[in-house]
Structure formats: C-alpha cells, structure tokens
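Participant: Mind looking at a prediction? Sequence and model below.
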Amino acid sequence: MREKAGQICIRFGTVLVILALSLFLYNKWEAKRAQNAAEEVALQLDELTGNQAADLWDAEDGEMPMVEIDDYAYIGTLTISRYGLSLPVMSEWSYPGLKIAPGRYQGSVWTDDLIICGHNYERHFGKLKNLEYGDGIVFTDVNGNVFTYQVEEVIILQPTDVEKMVSQESGEWDLTLFTCTIGGRTRVIVRCSRTD
C-alpha cells in the first residue's frame with residue numbers, strides 16, 4: 001500500500017513538473033512573439049511617420065493623431081533608452097492588444113496626463129521596476145512630435161489601487177507607465193515629468 005501511494009505521488013509530482021515547465025515555456029514563447037510583433041509594428045510606424053513632416057496637432061481637445069496598422073490604431077512610439085526599448089503605443093489598451101504592444105490607458109501628451117499600460121514581458125514593460133530617478137523616456141507621436149520625460153518616482157501599488165494610479169493628488173504627472181509584477185500581485189507605477 002505504501003509503495004502504491006509513493007508511485008502515485010511520484011506520478012503526480014512528475015505531472016506537476018511537466019505542467020510547470022510547459023507554462024514556463026509558453027510564457028517565454030508568448031514574450032518572444034510579443035517582442036517580434038512590437039518590433040514589426042515599430043518598423044511600420046517608423047516608415048509611416050518618417051514620411052511625414054513634424055506637424056503640431058490641433059490639440060485643443062487633447063486628442064492625439066493615430067495611424068492604423070493591422071487593424072490596430074497607434075498614437076506613437078515610446079523609447080526607454082536605458083533598456084534599448086522602442087515600443088509602439090496603441091491608441092487604446094485591450095488585453096489582445098497588449099500581446100502586441102503597450103496601450104494608452106487614458107490621457108494625452110497634449111494635456112500632460114498620458115497613462116500607458118503594458119505587459120511585463122521582458123522586452124515590453126518587464127524592467128519598469130528597475131528605472132531610477134532621472135532616467136529619460138521619450139514619446140514620439142505619429143506626426144513626429146517628440147516629448148521628453150524624466151522618471152520622478154517608481155512605486156508599487158496593489159491591483160485595487162486604481163484611483164491612486166490615475167489620481168494626481170500627490171503631484172502633477174505628465175506621463176505614467178504601469179505594468180503588473182510577475183504573478184499579478186502588485187502594479188509597478190513609473191511617474192514622469194516632462195522636460196522639453
């Protein structure tokens with residue numbers, strides 16, 4: 001009886017190890033696929049914006065110009081030079097869209113309240129938690145207008161603290177980037193101020 005129970009435990013443990021390895025490999029594959037998709041869109045976005053002269057957008061209502069690529073609308077490119085990242089940014093976030101690129105959660109560069117969310121894939125927002133005060137971030141809209149920012153603070157919030165993420169009660173934040181930590185237990189929030 002003991003021997004049978006031991007064999008069952010070994011088989012069960014083997015199945016769990018196989019499932020864990022499968023999940024790990026799937027996550028790595030998904031992250032690589034997202035990296036490739038973002039790089040492909042970034043190239044297309046560069047081609048489209050490279051053909052346009054910088055044009056100040058009529059930003060009275062805070063709306064941002066958009067370009068459509070493969071059925072998704074993009075508002076520009078986010079560059080985090082510390083990590084060599086240049087990511088397209090979708091005009092609106094969605095769960096399927098985040099598998100390609102970060103998306104605008106709310107706000108605009110024109111009203112100095114842009115919030116961008118992204119998955120914590122290694123080549124997306126996976127390194128946000130390591131940014132430091134003074135690190136530079138650049139957002140280039142689809143018309144070629146460049147907005148430069150510097151990191152002011154990096155904080156961790158609970159997933160239920162959405163109000164703290166979007167509120168500006170503790171200061172004016174021109175740009176906020178956020179992602180979840182591995183496992184989704186908390187959110188990494190990066191607050192930035194405009195420097196241009």
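Facilitator: Okay, I see it. Residues are numbered from 1 along each chain as shown.
Participant: next SSE after the helix or strand of the chain with the lowest mean pLDDT?
Facilitator: When the helices and strands of the chain are compared on mean pLDDT, DSSP states H and E, helix 162-166 comes out lowest with a mean of 66. Counting by DSSP states H and E, the next helix or strand C-terminal to helix 162-166 is strand 175-180.
Participant: Mind listing what's buried along that following strand?
Facilitator: Within strand 175-180, the residues that count as buried by 16 or more other CB atoms under 10 Å are 175, 176, 177, 178, 179, 180. For the C-beta atoms, the positions are set from N, CA and C on the backbone; glycine is no exception.
Participant: give me the beta-bridge partners of the fourth one?
Facilitator: For residue 178, the residues forming beta bridges with it (DSSP bridges) are residue 117, residue 189.
Participant: What spatial separation is found between it and residue 191?
Facilitator: According to CB to CB, to the nearest Å, residue 178 stands 10 Å off from residue 191.
Participant: try the second one
Facilitator: Plainly put, residue 176 is 6 Å away from residue 191 if you go by CB to CB.
Participant: May I see the buried residues of strand 175-180 arranged in JSON lines, with distance to residue 6 and pLDDT as well?
Facilitator: Formatted as JSON lines, those follow (distance: CB to CB, whole Å; pLDDT from 0 to 100):
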{"residue": "175", "distance to residue 6": "57", "pLDDT": "93"}
{"residue": "176", "distance to residue 6": "53", "pLDDT": "93"}
{"residue": "177", "distance to residue 6": "50", "pLDDT": "93"}
{"residue": "178", "distance to residue 6": "47", "pLDDT": "90"}
{"residue": "179", "distance to residue 6": "43", "pLDDT": "89"}
{"residue": "180", "distance to residue 6": "39", "pLDDT": "85"}
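Participant: Show me which of those residues is closest to residue 118.
Facilitator: Residue 118 lies nearest to residue 179 out of the buried residues of strand 175-180, by CB to CB, at 5.4 Å.
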